[in-house]
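Q: need coordinates for the below:
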Amino acid sequence: MNKTVYFHTLLSGFFATSLSLSAPVNAGDPQQFNVTIPTLTQHAEIDGEFNEPQWQQAANIQLKYETSPGENIAALVTTDAKIFATETSLFVAFTAHDNNPSQIRANLRDRDNSWGDDQVGIKLDTFNNARLAYQFFVNPYGVQNDSIENELTGQESDAWDGIWYSAGKLTEQGYQVEIELPLRLFNFDDKKDIQTWGIELVRFYPRNETHRLSTNKIDRNVSCQLCQLGTATGLAGAQQGQDIQITPSIVAARNSQRELNPNQPWQDEDDIEVGLDLRWGITPTTLLNATINPDFSQVEADSGQLDVNNNFALFYPEKRAFFR
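A: Sure thing, here's the model as predicted:
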């Protein structure tokens, strides 16, 4: 059996010098959103209910501004949030009030495919350098969207899928969402005693048009979006996880054939292929992806697409973990 070995490393921040940014432009702006995240000892159960005493000790936040289509005007509806941390996770809770709850848009959809629904979420720039930000959004039914925003390219990639937890619940006043983000998801400098991260809490409120509500003011005259995040301090003693993922694979096939004479025995041929994918976060800025004898079959089947009078080729996103 021929085995092929591939590997590559990703150096986050490799292109950082081309941005010429050393700190967010709003750093120190007294009008910009800032929050201190308390570190508690007890976790919260992710069930969409905020009945644990930990939530009473969490930091309270309001999403006061509409940044689109209005520019930093008062938010149309009230959105309250709470946030706290433990040694291993970050917890966020949203209470999204709505004057007409019957108009809330919520659907059970595939992951990363609920855009257009009512949603709440959080953006985190864990190095606070306005280069990359993690994004986590949840609709009222708990459906997850996650991606990484790249300030250099201006693109958001949903190929990255973290393992995190969420629950949502419709209420008579609107809906509420509860989120747990394990710290092992993130790259950050764990040598610091206290973390300072870029942060923005966001709500999408789609009605006649989609309103984007935020904790932060966004200046449209500033092309850099991540420069305008607020800051979150806290997470005392937070440790980055080892971020080791080992994914074994086995593909087995059997081929049977015989001559036309039905009295002849079947000739069987077995073929077994074993492979392994490895993902290792060596340091906060260096990621190793390696694979031995990669499985080139897809993790998910391509969803059907209708091709009628199209002047472009159909596109299917890359599903193989190593090549994303």
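Q: from P69, how far off is G281?
A: 39 Å (Cβ to Cβ, to the nearest Å). Placement of C-beta: from N, CA and C, glycine included.
Q: with N309 instead?
A: 33 Å.
Q: with F137 instead?
A: Noted for F137: a distance of 19 Å to P69, by Cβ to Cβ.
Q: number of residues surrounding the nearest residue to P317 once chain neighbours are set aside?
A: Leaving aside its sequence neighbours, P317 sits nearest to A159 (Cβ to Cβ, 6 or more residues apart in numbering; 7.1 Å). As a burial measure, A159 scores 13 neighbours (other Cβ atoms under 10 Å).
Q: for R184, same thing?
A: Around R184 there are 17 residues (other Cβ under 10 Å).
Q: mind listing what D118 touches?
A: Residues in contact with D118, defined by Cβ atoms under 8 Å, 6 or more residues apart in numbering, are A96, I104, R105, A106, N139, P140, Y175, R203, F204, Y205, P206.
Q: redo that, cut-off 6 Å
A: Each residue near D118 by Cβ atoms under 6 Å, 6 or more residues apart in numbering is listed here: I104, R105, A106, P140.
Q: ok, now how distant is the closest residue to D307 other than its chain neighbours from G304?
A: Nearest in space to D307, with sequence neighbours left out and distances taken as Cβ to Cβ, 6+ apart, is L314 at 5.8 Å. To G304, L314 is 10 Å away according to Cβ to Cβ.
Q: so those two - more neighbours on which side?
A: L314 (9 against 6).
Q: touching, that one and Q305? I think so.
A: Yes. Using Cβ atoms under 6 Å, L314 is in contact with Q305, at 5.2 Å.
Q: point out where the stretch 101-250 of the chain drops to low pLDDT.
A: 242 (pLDDT under 70).
Q: so for T39, what's the pLDDT?
A: T39 is assigned 95 on the pLDDT scale.
Q: could you do A16 as well?
A: Reported pLDDT for A16: 37.
Q: one more: the one 3 residues further on?
A: We have a pLDDT of 37 for L19.
Q: and for R105, the neighbour number?
A: 16.
Q: same thing with F188?
A: F188 has 20 nearby residues by other Cβ under 10 Å.
Q: ok, now which ones touch it?
A: T126, Q240.
Q: which SS state does it fall under?
A: Assigned by DSSP: H, G, I helix; E, B strand; the rest coil, the conformation of F188 is coil.
Q: gap between T215 and Y205?
A: With Cβ to Cβ as the criterion, T215 and Y205 are 14 Å apart.
Q: just Q42 next, same as before
A: 32 Å.
Q: before we move on, what about S157?
A: 25 Å.
Q: quickly find the element holding the nearest residue to D270 once chain neighbours are set aside.
A: Among residues not flanking D270 along the chain, R254 sits closest, at 5.3 Å (Cβ to Cβ, 6+ apart). Under the criterion of DSSP states H and E, R254 resides in strand 244-257.
Q: got the contact list for that strand?
A: 266-280, 295.
Q: list the buried residues of that strand.
A: By neighbour count with 16 or more other Cβ atoms under 10 Å, strand 244-257 contains the buried residues S249.
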